[in-house]
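**Student:** Model the following, please.
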Amino acid sequence: MTLKLLEASDAIRLVPSGGSVALKPNLVIAGAPEDGATTHAGVLSGCIEYFREHGVTDISVIEGSWVGDETMRAMRRAGYDKVCERYGVPFYDLKRDKTRAVKTSIGNIDICCRALDAGLLIDLPVLKGHGQTLMTCALKNLKGCLPDHEKRRFHALGLQKPIAALGAVMKPRLIIVDSICGDLDFEEGGNPVQTNRMYLGTDAVQLDAYGRALMGLNPDEVPYIEMCERWGGGSTAWSDKDIVELNQPHEAAGYPKPRGIVASLTRNVHQDQACSACFAALARAMYTSRCGEKENIYIGQGWQGKHLDGLGIGKCCRGAEECVMGCPPTADAIARKLEELTWK
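**Tutor:** Numbers count the residues shown, from 1 in each chain. This is a model prediction of the structure:
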């Protein structure tokens, strides 16, 4: 599928003469792609084969997993180690990369140099749900090009504006969306929805707007896409005339909508600047423990140093009467605490 997309779009034209290609997948956690959270290894293989066949020799894979997980563990879990070994392509953990401050619409953002200096940065996101922003695709996948301290700051700033600002300055010139089996509710996967769909484009804003429509979400539900457009990141406009279909599945089901599980589970949670890893662990624990609603749950950087009447999630909420420590704590630890409090 990846090779067909690249060949049909004549993607080699986007590589500057003698330039390098950096493949930026989604490796948010150490999980198998079949769980609906990470980019399939075959997408990397297809990209490497295509560009190698067209004379590009400087190809690398770059990524930094979310705060609290190890990038190299995630790359092995996704099967990227075998791909890189087979093709002799280096993998760079962006958590260990140097950074440069780049001026954006919200001030300077520290961005990893390997992403900034690539001749062609190829964004390889998974179209899936997200507990805080409802969806994640091309624009939000660029957050993996940041050091951990910036990822934390993005959450302190509310995610929407920082994601838009980052997309407006990075502007990957090629995006291939892995929409094969993304989880429509949880960023970290677990409930994959099989659609067997992939699509390619050159405008991250447009592809996110298209993906949002596929998921049945409205513009006001995912506002960072329009923000990025206003700041010069691309165009949200698309129509059927913009879409070149390479095949016509006869029995393809319509793209299902997110079930709103995360929003329902966490509607009474007191969230203030929570990081994705911490929030996702809480949502997963509430989903698996089936302990019913808890009204006094606190999570996020905004609760640091405050006394809290209830359960705190993560070390930022250590001032709570009860706290599940960690940065982030595991979903299992949170679930055990929820069950413990239920039976008290």
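
**Student:** which residues of this structure fall in helices?
**Tutor:** Remark: helices assigned in the chain by DSSP state H are 2-9, 41-53, 71-77, 80-87, 113-116, 138-141, 148-156, 160-170, 204-214, 224-230, 261-265, 276-289, 331-342.

**Student:** Please tabulate the ones you listed in a markdown table and include mean neighbour count and mean pLDDT as additional columns.
**Tutor:** Heads up, the C-betas are built off the backbone N, CA and C, glycines and all. Shown next, in a markdown table, are the helices of the chain (neighbours: other Cβ atoms under 10 Å; pLDDT from 0 to 100):
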| stretch | mean neighbour count | mean pLDDT |
| --- | --- | --- |
| helix 2-9 | 17 | 97 |
| helix 41-53 | 20 | 98 |
| helix 71-77 | 19 | 95 |
| helix 80-87 | 16 | 97 |
| helix 113-116 | 19 | 97 |
| helix 138-141 | 28 | 97 |
| helix 148-156 | 18 | 91 |
| helix 160-170 | 23 | 97 |
| helix 204-214 | 24 | 94 |
| helix 224-230 | 22 | 98 |
| helix 261-265 | 17 | 79 |
| helix 276-289 | 24 | 78 |
| helix 331-342 | 17 | 83 |
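
**Student:** Kindly reformat those as CSV and extend each row with distance to residue 94.
**Tutor:** Below are the helices of the chain laid out as CSV (distance: least, Cβ to Cβ, whole Å):
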stretch, distance to residue 94
helix 2-9, 22
helix 41-53, 16
helix 71-77, 7
helix 80-87, 14
helix 113-116, 7
helix 138-141, 12
helix 148-156, 10
helix 160-170, 13
helix 204-214, 18
helix 224-230, 21
helix 261-265, 27
helix 276-289, 16
helix 331-342, 25
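
**Student:** So for residue 296, which of those helices sits nearest?
**Tutor:** helix 331-342 (9.8 Å; Cβ to Cβ).

**Student:** same for that closest one, what does it pack against?
**Tutor:** Using 3 or more Cβ pairs under 8 Å, 6 or more residues apart in numbering; DSSP states H and E, the elements in contact with helix 331-342 are helix 276-289, strand 308-313, strand 320-324.

**Student:** Now find how far off-centre that helix is within its chain.
**Tutor:** Chain-centre distance of helix 331-342: 27 Å, with Cα atoms, centre = their mean, to the nearest Å.

**Student:** Can you check what angle separates that helix from helix 276-289?
**Tutor:** Going by axes from the mean of the first three to the mean of the last three Cα atoms, to 10 degrees, helix 331-342 is angled at 50 degrees with respect to helix 276-289.

**Student:** ok, back up a step: any chance of the helices and strands packed on helix 331-342 in CSV, plus distance to residue 186?
**Tutor:** Compiled in CSV, those are given as follows (distance: least, Cβ to Cβ, whole Å):
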stretch, distance to residue 186
helix 276-289, 7
strand 308-313, 16
strand 320-324, 19
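
**Student:** could you measure the residue lying closest to residue 141 once chain neighbours are set aside against residue 197, distance?
**Tutor:** Spatial nearest neighbour of residue 141, excluding adjacent residues (Cβ to Cβ, 6 or more residues apart in numbering): residue 125 at 3.6 Å. In this view, residue 125 and residue 197 are 13 Å apart by Cβ to Cβ, to the nearest Å.

**Student:** the more surrounded of those two?
**Tutor:** Using other Cβ atoms under 10 Å as the criterion, residue 125 and residue 197 rank with residue 125 on top: 28 against 17.

**Student:** For that one, list the residues it contacts.
**Tutor:** 25-26, 39, 136-138, 140-141, 175, 177-178 (Cβ atoms under 8 Å, 6 or more residues apart in numbering).

**Student:** Recalculate using a threshold of 6 Å.
**Tutor:** With contacts defined as Cβ atoms under 6 Å, 6 or more residues apart in numbering, the neighbours of residue 125 are 26, 137-138, 141, 177.

**Student:** Residue 235 too?
**Tutor:** Applying Cβ under 6 Å, 6+ apart, the residues near residue 235 are residue 206.

**Student:** Which strand residues bridge the closest residue to residue 221 other than its chain neighbours?
**Tutor:** Nearest non-adjacent residue to residue 221, counting by Cβ to Cβ, 6+ apart: residue 134, 5.4 Å away. Beta bridges link residue 134 to residue 130 when assigned by DSSP bridges.

**Student:** How many residues are close by residue 134?
**Tutor:** Residue 134 has 19 neighbours, counted by other Cβ under 10 Å.

**Student:** Test my guess that it contacts residue 220.
**Tutor:** No: using Cβ atoms under 6 Å, residue 134 is not in contact with residue 220, being 10.6 Å away.

**Student:** Return the residues in contact with the residue nearest to residue 221.
**Tutor:** 217, 221-222.

**Student:** Please consider this matter closed, and thank you.
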